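Undergrad: Show me the folded form of this:
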Amino acid sequence: MHFSNDASPHRLTSSQKRANQWRRWSEDIILAMIVPYLSYIQETVLLCHANTPVIGHRTDGECSAGCRTRNIKVACMFFDAFEEIAIIACPCSPAPLQLLHCGLFPCAPLAPSLAFVHLLFLRQSPNQMAWCDALETFLDGMKYKLKLKNSLRRRFSNAFHWYQVLTVLAQNHISTLVVGSRTDGAHVDQPSDYLRSRCPLYFGGNDWRNGVRDSLPMPDIIVCIDACFTQKRSANFCGAAGSDPSNLTPSFFLPTDDVKAMEDFVERCRRDRQQARTLRAEPNEDGYEEGMRIPVSVLNGCGDSFIAADEKREKASTRFFTDTGLMALVCRHDRVLWIMNLTSAGEKQHYALALLDQLFKHIPPQRTIGLLYDIGCQLEWSCRKWNFMDDSILSRIAFAVAVFHAYGHQWACQIVYHPRKREGFGLSDGEGCKRLWSFLKPLIPSLRVSGFNQQLFFLNTQIRHLDSKSLQGFGHWLHRRWIHCQSKKHDALDHLHSLELDENALRVEWKAQVDHQTRPTPSEVITIILALEKTLQAQEASIHELEMQLLDVRVPNIGEVNLQLDKVNLEKMKKDTYLTVRLNALAIKTRIRDRLRQRKFELERLERSYRATVNAERKLHANTQHSIKHREPGILKLITTYNSLCSQLWSLIQRRRAPPSAVPPHIIPRDGIFQLDVDDDIWQDVGLDDDTLNPPALLSDDTVRNGIRLQLEVDRCNEEEARLMRERAVIQEWMLAEWDSTQTALHTAVADPVMSFHLRSHADELVDICVIWKKKVQNIPCAWPTTASWGPSDEALVQAAYNQARSSFRGEDDDESLEGDREGDCESDLEYGEIEDEELMDANMTSTQFITYLFARVPPILPGLSPTIMSLRSALVSL
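TA: Numbering: from 1, shown residues only. From the prediction side, this is the model:
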């Protein structure tokens, strides 16, 4: 903390002081601190030997270069102490650099302690007020007094921010040296360096064409898009103009100008095409939009039932919120490629188009992508309807819907766009964005009232933290997906072989099912019958008159008489018991599907109520829960009624009071009805449509229907297997290229001890990661021949494996973070708390007392100690 003895010549407003301070940090101080910071990390061996600093200041108050000096009192805040010192600063030896050389950060505690806080805040909400309040109370108990109220909080918040900026810029400085040493930069037909850094499993290979030499046609890249309307940012209620200043760190956010340009382009395309479509008469009958595989009636049904398809629905008020949400483009490995702020009250299509446009700018012109989006059918329809994309771009995109929201689409849409039914998507679920939103949800309260650039900075910091975790876990990810794929494939093959069906016949039947169930919808049968009922009475008189004319042989036109006599069958249709029961069953089943969709959407709304501590949120939570429970008895009653009608149809078929080829419909089981799985019978209208004469095998034979489902499952597993083999080869190529680049950079920087130290540290990190990757993917074959080497020598790998085996503390925590969280197993946590935590408490009782103060202040913001304890433990392990 800085307290100058010099009086200011004139008073500045608080906003001017903040602007001047930010400018000095950005333009002068922080850039000059990168190399000294890296030097200090090298001197202390990654802060492992950071002793209490001693300021070696001048006592004569003069500078050897003749600069004007200043006497500055600095309050040094240590983890368990507080003292004031005096230093003499001048332009050639500024105070921040003097403090940094001694292990202190300007306006901050000791660097290792601050680094600890940085790691902690990556794993929970950045509650700086609770941290500073706990530290002030702790120091007050040790008789250390601060002169000003909230002085620590204000200075700590500023120092903590710029310390994070410094660490990011320092890491980028080292990464720039490695990237600049690559030898494959001359290849222009490769993804950009930005994408290569974002996801090594997709963009880290030497030649992306290796992946397209497989026999299976698949997209080269699978990405997903989704929006989150809980990450809102409130408008400035004070009416202040402008926004907070920007940061120096790179950002993953899409530039606002690019989003605005795409919005203008979309509006222009809609306006031009709307005029052309208005001049052209649109047919009243159902049909296909050019290039689409499902009719317009099905697309309209998806738009009516799916919330996100309705762009006019207000999800966040633009009156109270400047930014109404976030939208991200994530690869199938849950790595964020780009992210953007939403500024409209709905999920407009130009946001998704802007993300796709940015992706196509960074990949080779021949590379294809598979897009998983909650309303992928609507996006493709709009692109073809309004010419948002050229055919050359649309031909490189395979649209699909995310697994979690497939229930909101019509069945005809699901058999075309569901990733388990569509070719090329393997076992990808398209829910990477949902997992991202779940990770970012602790930031909702603090970012709701933050500035624009501060929000971007916090989110970028969290994304970088996710990147470091996922990079280490790629080996576990591939291993886990490979085991799951093999197990699922073997189970499906065993059941498929037991059916003894021909594979080619199943594929023919599946194609017939797709063609049959994606036909344009004719006029509704129920509507026709209701309309004919009104004319039956009028027809009876004319029919009687025609019969009398036949008896009297006074018929002017026998063809006209036969035509009109055919209408007599309408009366039989009205009195047909089988037809009446069948239509009633179809209507009830359609109603059941709609009610189940509504329940699923309400259940999703309940799951999104992250903060039930606020009264309004608690009321919404309770009302939604009540609504869901209120709907369940009605749905179950409808199922009982439908099953009763199915029994009547079965009885009519047995008594031969139905058409000869009538198929009995399937009853709906009550167990598992609320899951809405894509293979449930709730989606199939077997025995309820008009295909009663010569019904196809998919309607009349349960064995064929189950065989189709199993064959599709095997196909998706084969695609997943081929994709995992590609990624297995790419991950080795990336490691080998990254190792060679690091070694080249080391040879270049051999005369610089600081850069050499950090490059060697980067190489050590690669060795540690390589040991895990090599062990986890050893049973996965490569999609193409690769070298035996991964880069590091065998001796280095053996030594790293030995060190990892000894450091059981880190290994257990890594296993918990990768697997234990998914399985919900807390047994290892209890064992850890009983042994290691007690030793840590005995070693440093002072730190334990401070943590007690901190926990007393964190729960009101983050309920429950378990997340905080895990955050604290992870931070200690990282140190």
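
Undergrad: Out of the helices and strands in the protein, which is least certain?
TA: The helix or strand of the chain with the lowest confidence, counting by mean pLDDT, DSSP states H and E, is helix 827-843 at a mean of 36.

Undergrad: For stretch 774-791, give me every contacting residue.
TA: For stretch 774-791, the external contacting residues (C-beta atoms under 8 Å, 6 or more residues apart in numbering) are 210-211, 213-214, 475-476, 478-479, 482, 722, 724-726, 728-729, 731-733, 735-736, 738-740, 766, 770, 773, 797, 801. Yep, even glycine has a C-beta here, placed from its N, CA and C like the rest.

Undergrad: likewise stretch 202-212?
TA: With contact meaning C-beta under 8 Å, 6+ apart, stretch 202-212 is reached by 184, 190-191, 195-196, 220-221, 331-333, 364, 367, 726-727, 729-731, 733-734, 737-738, 783-784.

Undergrad: Recalculate using a threshold of 6 Å.
TA: For stretch 202-212, the surrounding residues in contact (C-beta atoms under 6 Å, 6 or more residues apart in numbering) are 191, 195-196, 221, 331, 726, 730, 733-734, 784.

Undergrad: for the record, mean pLDDT for that stretch?
TA: Averaged across stretch 202-212, pLDDT comes to 77.

Undergrad: Give me the nearest residue to I772, chain neighbours excluded.
TA: Excluding its sequence neighbours, the residue lying closest to I772 (C-beta to C-beta, 6 or more residues apart in numbering) is G475, at 4.7 Å.

Undergrad: one step back: give me the PyMOL select line for the contacts of stretch 774-791, limited to the buried ones.
TA: Here is the PyMOL command that selects the buried residues among these (16 or more other C-beta atoms under 10 Å):
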select buried, resi 210+211+475+476+478+479+482+722+724+725+726+728+729+731+732+733+735+736+738+739+740+766+770+773+797+801
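
Undergrad: mind listing which of the contacts of stretch 774-791 are in strands?
TA: Residues from the contacts of stretch 774-791 lying in strands, with DSSP state E as the criterion: none.

Undergrad: so how far is E765 from the residue nearest to I772?
TA: Per C-beta to C-beta, to the nearest Å, G475 is found 14 Å from E765.

Undergrad: likewise F320?
TA: 45 Å.

Undergrad: cool, and A328?
TA: 27 Å.

Undergrad: got it, and R464?
TA: R464 is 15 Å from E765, by C-beta to C-beta.

Undergrad: Mind checking which of these two has more residues around it?
TA: R464 (19 against 15; other C-beta atoms under 10 Å).

Undergrad: after the host helix or strand of that one, next one along is what?
TA: Secondary structure assigned from DSSP states H and E places R464 in helix 452-499. Next in sequence after helix 452-499, counting helices and strands by DSSP H and E, comes helix 503-517.

Undergrad: got the residue ranges for the strands in the protein?
TA: Chain-ordered strands for the chain, with DSSP E as the definition, fall at 2-4, 70-77, 82-89, 221-228, 233-234, 321-323, 325-331, 336-342, 369-373, 397-400.

Undergrad: Q486: which of these is closest?
TA: Among the strands of the chain, strand 221-228 comes nearest to Q486, with 19.8 Å by C-beta to C-beta.

Undergrad: quick one: contacts of the closest one?
TA: By C-beta under 6 Å, 6+ apart, strand 221-228 touches 202, 325-327, 329-332, 347, 352, 369-370, 372-373, 428, 430, 432-433, 437.

Undergrad: and it, which strands flank it?
TA: Strand 221-228 pairs in its sheet with strand 325-331 (antiparallel), strand 369-373 (parallel), by DSSP bridges.

Undergrad: Which stretch among those strands approaches S647 most closely?
TA: Nearest to S647, of all the strands paired with strand 221-228, is strand 369-373, at 40.4 Å by C-beta to C-beta.

Undergrad: Quick check: mean pLDDT of the closest one?
TA: The average pLDDT within strand 369-373 is 96.

Undergrad: outside of it, which residues touch it?
TA: 219, 221-225, 379, 397-400, 402, 424-425, 430.

Undergrad: Show me which residues of it are buried.
TA: 369-373.

Undergrad: Show the contacting residues for T703.
TA: Counting by C-beta under 6 Å, 6+ apart, the residues that T703 touches are L499.

Undergrad: how much space between it and E500?
TA: T703 sits 9 Å away from E500, going by C-beta to C-beta.

Undergrad: Equivalent analysis for D701, please.
TA: Going from D701 to E500 by C-beta to C-beta gives 13 Å.

Undergrad: out of the two, which sits in the more crowded spot?
TA: Higher neighbour count among D701 and E500: D701, with 15 against 8, using other C-beta under 10 Å.

Undergrad: distance of the more buried one from D494?
TA: With distances taken as C-beta to C-beta, D701 is found 20 Å from D494.

Undergrad: what does D702 give?
TA: Here D702 is placed at a distance of 18 Å from D494 (C-beta to C-beta).

Undergrad: who's more crowded, the two?
TA: More neighbours surround D702 than the other of D702 and D494, with 13 against 10 (other C-beta under 10 Å).

Undergrad: which non-adjacent residue is nearest L746?
TA: Nearest non-adjacent residue to L746 (C-beta to C-beta, 6+ apart): L759, at 4.8 Å.

Undergrad: Look at the closest residue to S382 other than its chain neighbours and report its pLDDT.
TA: With sequence-adjacent residues excluded and distances taken as C-beta to C-beta, 6+ apart, S382 is closest to Q349, at 5.6 Å. Q349 is assigned a pLDDT of 93 by the prediction.

Undergrad: now S113
TA: Predicted confidence (pLDDT) for S113: 46.

Undergrad: Does anything pack onto the helix holding R464? Which helices or strands?
TA: In terms of contacts (3 or more C-beta pairs under 6 Å, 6 or more residues apart in numbering; DSSP states H and E), helix 452-499 is packed against helix 702-748, helix 753-776.

Undergrad: and N779, backbone torsions?
TA: Torsion angles at N779 (phi, psi; degrees, to the nearest 10) stand at phi -90, psi 0.
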